[in-house]
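Student: Pasting the sequence and the predicted coordinates here, then a few questions.
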Amino acid sequence: MTTTAELLEGAAELFPDEVVTQAHVRHLDLPEDAGRFALVTLDNGFDHTKPTTFGPRSLANLNAAIDQLEAEAKAGEIVAAGITGKPFIFAVGADLKGVELLKRREEALAIGKGGHDVFRRLATLDVPTFAYYNGAAMGGGVEVGLHCNYRTVAAEIPAFGLPEVFLGLVPGWGGCALLPNLIGADRAVTVIVENALNQNRMLKGPQVYELGIADAVFESADFLEQSLTWTASVLRGELAVGRPSIDRGEAWDRAVDRGRAVADEKVHGAAPAAYRALDIIARAKDGDLEAGFAAEDQALADLIMGDELRSGIYSFNLVQKRAKRPAGAPDKSLARPVTKVGVVGAGLMASQLALLFVRRLEVPVVLTDIDQERVDKGVGWVHEQIDMLLLKGRVNQDKANRLKAAVTGSLDKAAAFADADFVIEAVFEEMGLKQRIFAELEAVVPEHAILATNTSSLSVTEMGSQLKHPERVVGFHFFNPVAVLPLLEIVRAERTDDAALATAFAVAKKLKKTAVLVKDAPAFVVNRILTRFMGEVLGTIDEGTPMRDADRALAPLGLPMSPIQLLELVGPAVAHHVAGTLHQAFPDRFAVSDNLGRVVEAGKKAFYVHDSGQPELDPEVAALFATGDTVLTADQVRERALEAIAQEIGLMLDEGVVAEAQDIDLCLITGAGWPFHLGGITPYLDRTGVSERVLGRRFHAPGVASVPE
């Protein structure tokens, strides 16, 4: 029989670039003469900002450390053993760089089995085992602790969770089997499926304790000392650790059913990982951990060899790496300091921008508008939001007071903006209006001030064409809701200089936004793709395909919302306006729907009504539609939309709207919520053959966001 050490040694060659984690064993005398204690510290030898991961060599090192613990426990040399991480980072799971290189199912199966074989040894030692979550813990980092008998967590840790389903995997080193048996099926479904599918929502230290994953929570300043004192109390029998009884009846089944409903709502059956995780949770109901672990191994092997994981890793790398090094961004040393921000407009979008700027930059922000009532309403909204942050404990009273004092309003642009370094307009999408505003601003702002526009579709070059200094004009396109969507399209107009652009990127970084440099082209990236996409679907409806059928045609992609839901979110009037702008630029590809125009004229905000509890086409909207008699199948609607998207992306890349296809995907993921399991869109178009059918070429080389050939 192959030993764990042999299994890991054989797998090591599959991970040539593994950052190896060491497992250092040191011995401590527990407080109050509780006995000799062995503590394993995971450390990859890098600085404290670098994550600790588990590849084959790392698992082998932990396995060797457990060999030592096992021998010492059998010899009676230790009374207990524990595991912790280097400062601020416990461990963040499997080495994904190696996982995506695997080409055969047996290789994937070996990785799953190797992790199980090592981690489960912690549960079978002859002495109690403890996990001390002292920092960020994700995936396998969480799971190694679940195999221990007891767990403590630091109150200040920023991220704790099982993100595997988000990436296209299952928690496969014990998470699916152990967690529901520890905290109950419903809470486990929340952590494993619901949180993962809600943009990889993480837990904080106190939440980990409240859920019952950890048995105690301590402050970070003296976390290890407090944990060891607590450990001594447990070992001496002075402290009994209570665990809730687990309902293995109908409550377990209801929890799994709830998880399936969450998965259906989020991915519509298009991504298998959530459903595989739920199958294992359902199977774990009888507490048979061996069967659960075996099911995890099989699920891991299947999913590692699937496209969902490869796309998930591709997407993860986009938002974690490419987003931090924007392609084409100028030298950051050219950026100018921003000590005051002006916002032209005081409507909802402008007010959201003001709130974001004051929270992130913590500088004075002043709003202007055409009358005092609008100004007061905008400033009041920002103040109300700050008060809500105070109520939620997101800011303290002192900071809330300072933020509110920093946001003011004025009708006098000259007085308000005379010392502003960065002024952004967020008014109605009308070129003449925006040009007049920029002319007014140029006359009153300092020479170094940046003039930014939040336009979603208009030419930034044309907007600044009448200025004496168009080089300081830049597009700064946010997505709604501003506080939620990370994307910021930074638009370089024809005469924008490097200093203005560098300042824009520096501000974006402080705003904690994902900045992507885009060319000044109609509707830039996200709105251009979505308008083409929605336009094709709406076109099939205009031609005669029933709206419900056309709207459901894209469900197999697992998009966050259907085309009509997206149109409702954007707003029919806005969507119609952007379609008109793009029709003027590209009349052969972008149509203007007369039916949508009638919906806008009628003042309708939505296509569906929900009176029965289910979405049904609003009869008033239906009465406005005049359609043909050409009815397409769902497959035909979907293919038409995908082929249109492929064509548009190909043209955008040819035009140099962005540097590479990766930037298209980054924009759709962070600006439109497109799912990780698609890889944005371009890998999906490659995998399905659409890109080659439409363009005669792939967007990526084979093996990118897909199983290597």
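Tutor: Happy to help now that I have it.
Student: was I right about Asp126 contacting Ala73?
Tutor: Yes. Contact criterion Cβ atoms under 8 Å: Asp126 and Ala73 qualify, at 4.2 Å. In this view, the C-beta of every residue, glycine as well, is placed from N, C-alpha and C.
Student: Distance check, the residue of the chain most remote from its centre against Arg36.
Tutor: Distance from the centre of the chain peaks at Ala75, with 48.2 Å (Cα atoms, centre = their mean). Separation of Ala75 from Arg36 (Cβ to Cβ, to the nearest Å) stands at 11 Å.
Student: quick one: contacts for the closest residue to Ala499 other than its chain neighbours?
Tutor: For Ala499, ignoring the flanking residues on the chain, the nearest one in space by Cβ to Cβ, 6 or more residues apart in numbering is Leu334 at 4.8 Å. Residues near Leu334 by Cβ atoms under 8 Å, 6 or more residues apart in numbering: 498-499, 502-503.
Student: rerun at 10 Å
Tutor: Residues in contact with Leu334 (Cβ atoms under 10 Å, 6 or more residues apart in numbering) are 497-503, 505-506.
Student: With Cys176 instead?
Tutor: Applying Cβ under 10 Å, 6+ apart, the residues near Cys176 are 143, 162, 164-165, 170, 188, 192-193, 276-284, 292-293, 295-296, 299.
Student: Might you specify the subset of those located within helices?
Tutor: Among those, the ones falling in helices (DSSP state H) are 143, 164-165, 188, 276-283, 292-293, 295-296, 299.
Student: who does the helix or strand that contains Leu318 touch, helix- and strand-wise?
Tutor: Here Leu318, judged by DSSP states H and E, is contained in helix 307-320. In terms of contacts (3 or more Cβ pairs under 10 Å, 6 or more residues apart in numbering; DSSP states H and E), helix 307-320 is packed against helix 96-99, helix 164-167, helix 273-283, helix 289-304, helix 661-672, helix 682-687.
Student: how does it look with 7 Å?
Tutor: helix 164-167, helix 661-672, helix 682-687 (3 or more Cβ pairs under 7 Å, 6 or more residues apart in numbering; DSSP states H and E).
Student: Which strands or helices does the second one pack on?
Tutor: Taking 3+ Cβ pairs under 7 Å, 6+ apart as the contact definition, the neighbouring helices and strands of helix 661-672 are helix 307-320, strand 487-492, strand 514-519, helix 526-543, helix 682-687.
Student: which residues touch that helix?
Tutor: With contact meaning Cβ atoms under 7 Å, 6 or more residues apart in numbering, helix 661-672 is reached by 315, 318-319, 322-323, 327, 479, 485-487, 489, 514, 516, 525-526, 529-530, 649, 653, 658, 674, 676, 679-682, 699-700.
Student: what about 6 Å?
Tutor: With contacts defined as Cβ atoms under 6 Å, 6 or more residues apart in numbering, helix 661-672 is touched by 315, 318, 322, 479, 485-487, 514, 516, 525-526, 649, 674, 680-682, 699.
Student: what's the answer for the first one, then?
Tutor: Outside helix 164-167, the residues within contact range by Cβ under 6 Å, 6+ apart are 139, 170-171, 193, 196, 200, 273-274, 277, 312.
Student: And these, which is closest to Ile386?
Tutor: Asn200 (27.1 Å; Cβ to Cβ).
Student: Checking that closest one next. Helix, strand or coil?
Tutor: Three-state call for Asn200 (DSSP: H, G, I helix; E, B strand; the rest coil): coil.
Student: I'd say it and Gly161 touch.
Tutor: No. Between Asn200 and Gly161 there is no contact under Cβ atoms under 6 Å: 7.2 Å.
Student: More neighbours: these two, which one.
Tutor: Using other Cβ atoms under 10 Å as the criterion, Asn200 and Gly161 rank with Gly161 on top: 23 against 19.
Student: phi, psi of the closest residue to that one other than its chain neighbours?
Tutor: The spatial neighbour of Gly161 that comes closest, neighbours along the chain excluded (Cβ to Cβ, 6+ apart), is Met202 at 4.6 Å. The phi/psi pair for Met202 (degrees, to the nearest 10) reads phi -100, psi 160.
Student: Give me the distance between the residue farthest from the centre of the chain and Ile157.
Tutor: According to Cβ to Cβ, Ala75 and Ile157 sit 35 Å apart.
Student: Relative to Asp387, how far out is the residue nearest to the spatial centre of the chain?
Tutor: When Cα atoms, centre = their mean is applied to the chain, the residue found nearest the centroid is Gln199 (4.5 Å). Using Cβ to Cβ, Gln199 is found at 26 Å from Asp387.
Student: For stretch 467-481, measure first residue to last.
Tutor: Start-to-end span of stretch 467-481 (Cα to Cα, to the nearest Å) is 31 Å.
Student: Now do the buried residues in it.
Tutor: For stretch 467-481, the neighbour count (16 or more other Cβ atoms under 10 Å) marks 467, 470-479 as buried.
Student: tell me which of those residues is nearest to Phe625?
Tutor: Using Cβ to Cβ, the buried residues of stretch 467-481 come closest to Phe625 at Phe479, 28.8 Å.
Student: from memory Ser220 sits against Glu156, does it?
Tutor: Yes. With contact defined as Cβ under 6 Å, Ser220 counts as touching Glu156 (4.3 Å).
Student: what mean pLDDT would you report for stretch 321-332?
Tutor: Stretch 321-332 carries an average pLDDT of 93.
Student: And for stretch 564-581?
Tutor: Averaged across stretch 564-581, pLDDT comes to 90.
Student: Show me what counts as buried in it.
Tutor: 564-568, 570, 572-579, 581.
Student: Also stretch 3-10?
Tutor: So stretch 3-10, judged by 16+ other Cβ under 10 Å, has buried residues 4-5, 7-8.
Student: same deal with stretch 453-462?
Tutor: Buried residues in stretch 453-462, defined by neighbour count with 16+ other Cβ under 10 Å: 453-461.
Student: show me the contacts for Ser220.
Tutor: Going by Cβ under 6 Å, 6+ apart, Ser220 touches 154, 156.
Student: rerun that using 10 Å as the cut-off
Tutor: With Cβ under 10 Å, 6+ apart, Ser220 has these contacts: 87-88, 134-135, 154-157, 205, 226.
Student: Tell me which stretches of the stretch 151-300 of the chain form strands.
Tutor: 160-161, 216-218 (DSSP state E, counting those that start in this stretch).
Student: so how far is the shortest one off the chain centroid?
Tutor: Averaged C-alpha coordinates place strand 160-161 at 14 Å from its chain's average position (Cα atoms, centre = their mean, to the nearest Å).
Student: Quick one: the helices and strands packed on helix 307-320 as CSV, columns for distance to Cys176 too.
Tutor: Shown next, in CSV, are these (distance: least, Cβ to Cβ, whole Å):
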stretch, distance to Cys176
helix 164-167, 9
helix 661-672, 26
helix 682-687, 27
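Student: and Asp257, how many residues sit next to it?
Tutor: For Asp257, using other Cβ under 10 Å, the count is 14.
Student: Quickly note the distance from it to Asp264.
Tutor: From Asp257 over to Asp264 (counting by Cβ to Cβ), the distance is 11 Å.
Student: same question, Trp230
Tutor: For Trp230, the distance to Asp264 - Cβ to Cβ - is 42 Å.
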